[in-house]
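**Student:** here is my input, please return the structure:
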Amino acid sequence: MRAGEAEHPESSGQPGRPAQVLPPGVRTAAAWSVAVILFIAVGTLVVYALVALRAATVPLLLALLGTALLYPVMPWLVGRGVRRGLAAALTCAVLVAMVFAVLAVLTNSLVHSAPQIASSLQEAGRQIASRLGPLGDKIKYALSQSAGSGSSLVSSLADGVLSGLGFATQVATGGVLVLALVFFFLRDGHRSGDLVRSVLPGERAETVIACGQRAFDAMAGFMRGTSLIALIDATCIGVGLLILGVPGAAGLAALVFLGAFVPFIGAFLSGTVAVLVALADGGPGKALWTLGVVLAVQMVEGNILQPVIQSRTVELHPATIMIAVVAGAGVAGILGALLAVPLSAAVLGVVSVLRGRGFGEPPPGAPPRSAAAPAPGAAPAE
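**Tutor:** Numbering: from 1, shown residues only. This next block holds a predicted model:
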């Protein structure tokens, strides 16, 4: 046998390796299948770990969102000579005041309007049943169930606040942990870049810092933009409901504000409740006027408020948002639906950095954005 024949088994009639027997297309499909399975497996383990450790992960995520919302306050205070520790404490005081004020307004509006909304939903169910026959009977049953569930939920929450010491203790403990984490993130966030550089080598450290900064920017853009849009939506719809004389307008406006943090689904549900309450109070005419007000506000939000207020750091396709909300709700209920979109925006920001085409890339020859951008809670360079 000549030397060349020993190196090529195929030339001597011997079969090659099993992988080489398969066509190239099959080998490519198999490689991609293995990669997808590994990705899904790792993602499932990460989600399972986050859910299993929710006592720590939920306060951490809420603290990151709170830090992102209040981030502009820190540079403003530090730039006026306030020490970072004191500036962080004042910012946390602002956060506590904001949370208590919002909770007080929402709770007062919902508690006082819940009986009106529940009775109106039941009346709307009766009217729909009289017009639609068997289908209307099913809708009536669903509305009566939802109204009863809402009343029992309010009662359960009230009883839990009054007598549920264990639940109150958990909420208080979680709130204190969130507040402490926000304080430390605001005070020491500017040191995160140095910490990463001390652990990882140069180029990898800069990549990690850039990913973290982009993810933080995405969450900050979502929190600030969504909060402002929710306030505008609730105010406009609430004023419209008051003008139309819809009962429970304050509670319905509170539902609109809360629903704005769950894209698409929250707006649909809160708008549907408002239309049904108007139908029960004033018939189809008032319901159509209420539907017009809700649709007008939603059109203004989608065509003006979203493009102007929301930064490009949270630009997600509507299909991605809907899938994220449904998946988050399936994993962690209401809290998962609330956190799904900011987390998706953060993941998209990280992916954009890793792909080298992030939002607002610096021009050629300019220093990388990660080196110049402040870490979460850091003051801008002077």
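
**Student:** lowest average confidence across helices and strands of the chain, where is it?
**Tutor:** Among the helical and strand segments of the chain, the one scoring lowest on mean pLDDT, DSSP states H and E is helix 369-372, with a mean of 40.

**Student:** wait, Leu121 sits on Val275?
**Tutor:** No - using CB atoms under 8 Å, Leu121 is not in contact with Val275; the gap is 10.9 Å. In short, each C-beta sits where N, CA and C put it, glycine included.

**Student:** just how off-centre is the biggest helix by length in the chain within its chain?
**Tutor:** For the chain, the helix that runs over the most residues, judged by DSSP state H, is helix 84-132. Centroid displacement of helix 84-132 relative to its chain, using CA atoms, centre = their mean, to the nearest Å, is 18 Å.

**Student:** pLDDT (mean, whole number) over that helix?
**Tutor:** For helix 84-132, the mean pLDDT works out to 79.

**Student:** give the other helices and strands that that helix contacts.
**Tutor:** Where contact means 3 or more CB pairs under 8 Å, 6 or more residues apart in numbering; DSSP states H and E, helix 84-132 is packed against helix 54-70, helix 73-78, helix 134-163, helix 165-188, helix 249-259, helix 265-300.

**Student:** which one of the ones you listed is the most hemmed in?
**Tutor:** helix 249-259 (a mean of 24; mean count of other CB atoms under 10 Å).

**Student:** other SSEs contacting that one?
**Tutor:** helix 84-132, helix 202-244, helix 265-300.

**Student:** where does the protein have low pLDDT?
**Tutor:** Low-confidence segments of the chain (pLDDT under 70): 1-20, 125, 129-170, 310-315, 357-382.

**Student:** repeat the analysis, applying 50 as the threshold.
**Tutor:** Counting by pLDDT under 50, the low-confidence segments of the chain come to 1, 3-7, 9-14, 148-165, 357-382.

**Student:** go ahead and confirm Gln298 touches Ala267.
**Tutor:** Yes - Gln298 is within contact range of Ala267, at 6.2 Å (criterion: CB under 8 Å).

**Student:** who touches both of these two?
**Tutor:** Asp233 (CB atoms under 8 Å, 6 or more residues apart in numbering).

**Student:** what's around Gln213, how many residues?
**Tutor:** Residues near Gln213, counting by other CB atoms under 10 Å, number 24.

**Student:** how near is it to Gly189?
**Tutor:** Look at Gln213 and Gly189: by CB to CB, to the nearest Å, they are 11 Å apart.

**Student:** before we move on, back to that, tell me which of the helices and strands packed on helix 84-132 sits nearest to Asp217.
**Tutor:** Of all those, helix 54-70 sits nearest to Asp217, with 8.3 Å by CB to CB.

**Student:** just the CA trace of the closest one, in CSV.
**Tutor:** Extracted in CSV, the C-alpha atoms of helix 54-70 (Å, rounded to 0.1, in the frame of the first residue of the first chain):
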residue,chain,number,x,y,z
ARG,A,54,-37.2,34.7,44.7
ALA,A,55,-36.9,35.9,48.3
ALA,A,56,-33.5,37.4,47.2
THR,A,57,-33.9,37.9,43.4
VAL,A,58,-37.2,39.8,43.5
PRO,A,59,-35.9,42.5,45.9
LEU,A,60,-32.7,42.7,43.8
LEU,A,61,-34.7,43.2,40.6
LEU,A,62,-37.0,45.8,42.3
ALA,A,63,-33.9,47.6,43.7
LEU,A,64,-32.4,47.8,40.3
LEU,A,65,-35.6,49.2,38.8
GLY,A,66,-35.9,51.7,41.6
THR,A,67,-32.2,52.7,41.1
ALA,A,68,-32.8,53.1,37.4
LEU,A,69,-35.9,55.3,38.1
LEU,A,70,-34.1,57.6,40.5
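
**Student:** tell me what it is packed against?
**Tutor:** Applying 3+ CB pairs under 8 Å, 6+ apart, one finds that helix 54-70 contacts helix 84-132, helix 165-188, helix 202-244, helix 318-354.

**Student:** make a markdown table out of those helices and add distance to Met74.
**Tutor:** Putting the helices and strands packed on helix 54-70 into a markdown table (distance: least, CB to CB, whole Å) gives the following:
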| stretch | distance to Met74 |
| --- | --- |
| helix 84-132 | 6 |
| helix 165-188 | 5 |
| helix 202-244 | 12 |
| helix 318-354 | 19 |
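
**Student:** out of those, which is closest to Ala287?
**Tutor:** Comparing the helices and strands packed on helix 54-70 under CB to CB, the one sitting nearest is helix 84-132, at 8.4 Å.

**Student:** and Leu316, how many neighbours does it have?
**Tutor:** Number of residues near Leu316 (other CB under 10 Å) recorded here: 17.

**Student:** tell me the spacing between it and Ser227.
**Tutor:** Note on Leu316: its distance to Ser227, by CB to CB, is 17 Å.

**Student:** quickly compare the helices and strands packed on helix 54-70 and say which is most buried.
**Tutor:** helix 202-244 (a mean of 20).

**Student:** that one vs helix 54-70, what angle?
**Tutor:** Angle, helix 202-244 to helix 54-70, by axes from the mean of the first three to the mean of the last three CA atoms, to 10 degrees: 80 degrees.
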